[in-house]
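Novice: No sequence on hand, only this structure:
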């Protein structure tokens, strides 16, 4: 595909399917960008602009260097665990946990979380919220150039950091950039994807920012709890992707697997798995160990995150077509479990060889 076609592919993927998954994975970064801002349009715009620049640069690098710079499933798993920890920090900041608040708001001159002219912590009792009613910062004073710079720097840094916390469809776009073997085409597909997700991201960012302003001191804890739930979901995804979860014990019987596990004329064991928008079917299979095995992945008008198929134990990523059949040679597996997930740790499944 040329750069224009890849841009259109990336934009369509981001617009139709990428916004929701990326917004969920990167909600902590987006929340941090709008935290404490009375007017949220500007920080959201800065956040998205930084995200566009870093993703386009990554796409160019991937297209130029190819698979050599593609992060492995284990590296992505570490990044997801780190993203979960960051979300926990932002949730603790929302409920006013002092040490975390001081950590996130530190700046050369005290930052947004420093002591205000009226006394008290910028968000603590006795000074009011730095952007709220009752003091803390004089509402009639124009912000200093330093504070304006700080308010720009934070959403820019967090928007750039989204490149380290990709959702599954972002990974699909990255793999397309790798396969393009062109810096221009790689940048085009990544830029198109980010621009496709921008409308929903912008809406989520503005909504979250206004909710934090309206709910400050009242229901902010509700937002913090929601953020902790997303952090837990992200942590679980990272642990799945890294293959660090203990065996769950789910195992299909040989009779239940007979429909999906067959043997061809050459004696090769064929294991068929369907990648649907809602997940992989079946999610648990039992097959024979000690025989040559090929995994047959089938899609039929599939546009979701399951198109980025990952086998964590083998460090293997496979991008599936929207409709078609893809074969993965598993060699001769020994007894044990082989887990598979989408490339960002969702929709888990496993094959038990015995």
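Specialist: Looks like it came in fine. Quick caveat, the model's predicted, so the values are computed rather than measured. Numbering: from 1, shown residues only.
Novice: Tell me where the stretch 151-300 of the chain has helices.
Specialist: With DSSP state H, counting those that start in this stretch as the criterion, the stretch 151-300 of the chain has helices at 168-180, 183-215, 220-242, 254-257.
Novice: helices and strands around the first one, which ones?
Specialist: Counting by 3 or more C-beta pairs under 8 Å, 6 or more residues apart in numbering; DSSP states H and E, the packing neighbours recorded for helix 168-180 are helix 3-13, helix 19-25, helix 41-65, helix 183-215, strand 308-311, strand 316-319. Glycine gets a C-beta too; all of them are placed from N, C-alpha and C.
Novice: for the residue of the chain most remote from its centre, phi and psi?
Specialist: Largest separation from the mean C-alpha position in the chain: residue 265, at 42.4 Å (C-alpha atoms, centre = their mean). Main-chain dihedrals, residue 265, degrees, to the nearest 10: phi -60, psi -30.
Novice: which residues sit in contact with it?
Specialist: Applying C-beta atoms under 8 Å, 6 or more residues apart in numbering to residue 265 gives no contacts.
Novice: Just send the helices of the stretch 151-300 of the chain back as a markdown table, with distance to residue 315 too.
Specialist: Listed next are the helices of the stretch 151-300 of the chain as a markdown table, based on distance: least, C-beta to C-beta, whole Å:
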| stretch | distance to residue 315 |
| --- | --- |
| helix 168-180 | 14 |
| helix 183-215 | 22 |
| helix 220-242 | 11 |
| helix 254-257 | 26 |
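Novice: Residue 189 contacts residue 8, doesn't it?
Specialist: No: the pair residue 189 / residue 8 is not scored as a contact, 9.2 Å apart, by C-beta atoms under 8 Å.
Novice: before we move on, back to that, right, and the helices and strands packed on helix 168-180 - which one's nearest residue 83?
Specialist: Among the helices and strands packed on helix 168-180, the nearest to residue 83 by C-beta to C-beta is helix 19-25 (7.0 Å).
Novice: Tell me the first helix or strand C-terminal of the closest one.
Specialist: helix 27-34 (DSSP states H and E).
Novice: Contacts for that following helix, please.
Specialist: Outside helix 27-34, the residues that touch it by C-beta under 8 Å, 6+ apart are 23, 40, 43-44, 46-47, 83, 86-87, 90, 93-94, 104, 154-155, 158-159, 161-162, 165, 201, 204-206, 208-209, 212, 223, 227, 230-231, 234.
Novice: Give me the domain ranges for this structure.
Specialist: Following the TED database, one gets these domains for the chain: 3-106+150-242, 254-353.
Novice: Distance from the chain centre to the longest one, please.
Specialist: Yep, that's domain 3-106+150-242 we're talking about. Mean-position distance between domain 3-106+150-242 and its chain equals 7 Å (C-alpha atoms, centre = their mean, to the nearest Å).
Novice: same check, this time on the shortest one
Specialist: Relative to the chain's own centre, domain 254-353 is displaced by 23 Å; criterion: C-alpha atoms, centre = their mean.
Novice: rewinding a little: looking at residue 189 and residue 8, which is more packed in?
Specialist: residue 189 (34 against 15; other C-beta atoms under 10 Å).
Novice: Skipping adjacent residues, who's closest to residue 278 in space?
Specialist: Computed as C-beta to C-beta, 6 or more residues apart in numbering, the closest residue to residue 278 that is not its neighbour in sequence is residue 304, at 7.5 Å.
Novice: Count the residues that sit near the one you found.
Specialist: Using other C-beta under 10 Å, residue 304 has 22 other residues around it.
Novice: Can you report phi and psi for it?
Specialist: Torsion angles, degrees, to the nearest 10, at residue 304: phi -80, psi -170.
Novice: if I look at it, how far off is residue 13?
Specialist: Per C-beta to C-beta, to the nearest Å, residue 304 is found 10 Å from residue 13.
Novice: joint contacts of these two?
Specialist: residue 169.
Novice: Assign a three-state SS to residue 327, would you?
Specialist: Classification of residue 327 using DSSP: H, G, I helix; E, B strand; the rest coil returns strand.
Novice: Report how many residues lie close to residue 309.
Specialist: 26.
Novice: for it, what are its contacts?
Specialist: Counting by C-beta under 8 Å, 6+ apart, residue 309 touches 275, 297, 317, 318, 319, 320, 326, 340, 342, 343.
Novice: Tell me the pLDDT of it.
Specialist: Per-residue pLDDT puts residue 309 at 92.
Novice: beta partners of it?
Specialist: residue 318, residue 342 (DSSP bridges).
Novice: Against residue 194, how distant is it?
Specialist: To residue 194, residue 309 is 23 Å away according to C-beta to C-beta.
Novice: Likewise for residue 43?
Specialist: Separation of residue 43 from residue 194 (C-beta to C-beta): 17 Å.
Novice: do the same with residue 36
Specialist: Distance from residue 36 to residue 194, counting by C-beta to C-beta: 25 Å.
Novice: more neighbours, the two?
Specialist: Using other C-beta under 10 Å as the criterion, residue 36 and residue 194 rank with residue 194 on top: 28 against 23.
Novice: which ones are touching the more buried one?
Specialist: Residue 194 is in contact with 14, 48, 51, 52, 55, 56, counting by C-beta under 8 Å, 6+ apart.
Novice: any idea how far residue 279 is from it?
Specialist: Distance from residue 194 to residue 279, by C-beta to C-beta: 26 Å.
Novice: And residue 199, by the same measure?
Specialist: Going from residue 199 to residue 279 by C-beta to C-beta gives 26 Å.
Novice: show me what contacts the closest residue to residue 270 other than its chain neighbours?
Specialist: Leaving aside its sequence neighbours, residue 270 sits nearest to residue 262 (C-beta to C-beta, 6+ apart; 5.1 Å). By C-beta under 8 Å, 6+ apart, the residues touching residue 262 are 269, 270, 272.
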